[in-house]
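S.K.: Structure, please.
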Amino acid sequence: DNKKESENYKNYLNNGITNGINFNVKIISYSFWDIKKTHILNITLPKLFSSCKDDFEAYYKNKYPERGLTWFLDFSILEIKYLYLTNKYLSKSTLPQILILLELEKSKTLSINKLSEILGCSTEIIKNNIRGLIYNSNFNRLCKNDKGVLISVNNKTQDFTDKDEFKINLNFTHDKLKFSTIPMEKKKTEEQINNEEKLTAKQKKKKEDSIIQS
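M.R.: Model prediction:
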C-alpha cells in the first residue's frame, strides 16, 4: 500500500524531512504501467535532490532487498521560491522545470537542444515543460509570450523548434505570490482516448493474471 509505505518512510526519517526538504515518494508497480523509456531521465541531480533520492533508496532496499527501483523523475512535483525576482514568488513546478531554471541561472540563454543534452531527456519533454513556464494559464491567461517565468528569445509562438533559445524573465510579475507552472494537458483526440482505454484494459488484465498466478 503506497500510503502506508509513505507513512513508514516519514516515521523512519523523522516526519519525512531530509536535509530540510519534505520529501514524498509514490511507488507504483512497473508491470501495471506502460511508461515510455523517455521518462527515465539520465540526469545528474543537484546534491540537495540526490541526497533525498539516495536516502529513500537506502531505506527501501534495506526493507525490500529483493526489489529494484526505477525513478521517473519528470513526474516529480516540487515547490520553489524565486529569490531573484522582485517579489518572492512560490510556484508548484515539475523537476525538469526546476532543473531548466537552474541551468538558465548559470547561462544567459540556452536552446532546447542544449537543455536536452544537459538534462538527459528528450526535446519533447523540454518543450512541454518550457510551455508550462511560459504559457500556463494559472499566471498567463492571455498567453502572451513575455508574461511567463521564461522568455523565448526568437520564437513568439508555442510551437517550439529544437534550436529555439530561452532566458529567465527577470521582469516577471503576478498578482498572486503562489502559482503553478505545471504543463497544461492538451485536449485529447478521439484516437488517444481509445488508445488509453485499450491500455487500461491491458493493465487490468495483467493485474488479474498476476493475482491468479500468485
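S.K.: The helix or strand containing Ile125 packs against which elements?
M.R.: According to DSSP states H and E, Ile125 maps onto helix 123-135. In terms of contacts (3 or more C-beta pairs under 8 Å, 6 or more residues apart in numbering; DSSP states H and E), helix 123-135 is packed against strand 90-94, helix 95-106, helix 112-119, strand 150-152. Bear in mind the C-beta positions are built from the backbone N, C-alpha and C, glycine included.
S.K.: Sort out which residues of the longest one are buried, please.
M.R.: The one in question is helix 95-106. Using 16 or more other C-beta atoms under 10 Å as the test for burial, helix 95-106 gives Leu95, Pro96, Gln97, Ile98, Leu99, Ile100, Leu101, Leu104.
S.K.: List the contacts of that helix.
M.R.: 41, 43, 46, 49, 73-74, 76-78, 80, 84, 93, 110, 115, 118-119, 121, 125-126, 129-130, 132-133, 149-150, 166-168, 181 (C-beta atoms under 8 Å, 6 or more residues apart in numbering).
S.K.: Low-confidence stretches in this protein?
M.R.: For the chain, applying pLDDT under 70 flags the ranges 1-2, 13-20, 30-40, 185-214.
S.K.: at 90 instead, please
M.R.: Residues of the chain meeting the criterion pLDDT under 90: 1-64, 66-76, 80, 86, 108, 119-122, 184-214.
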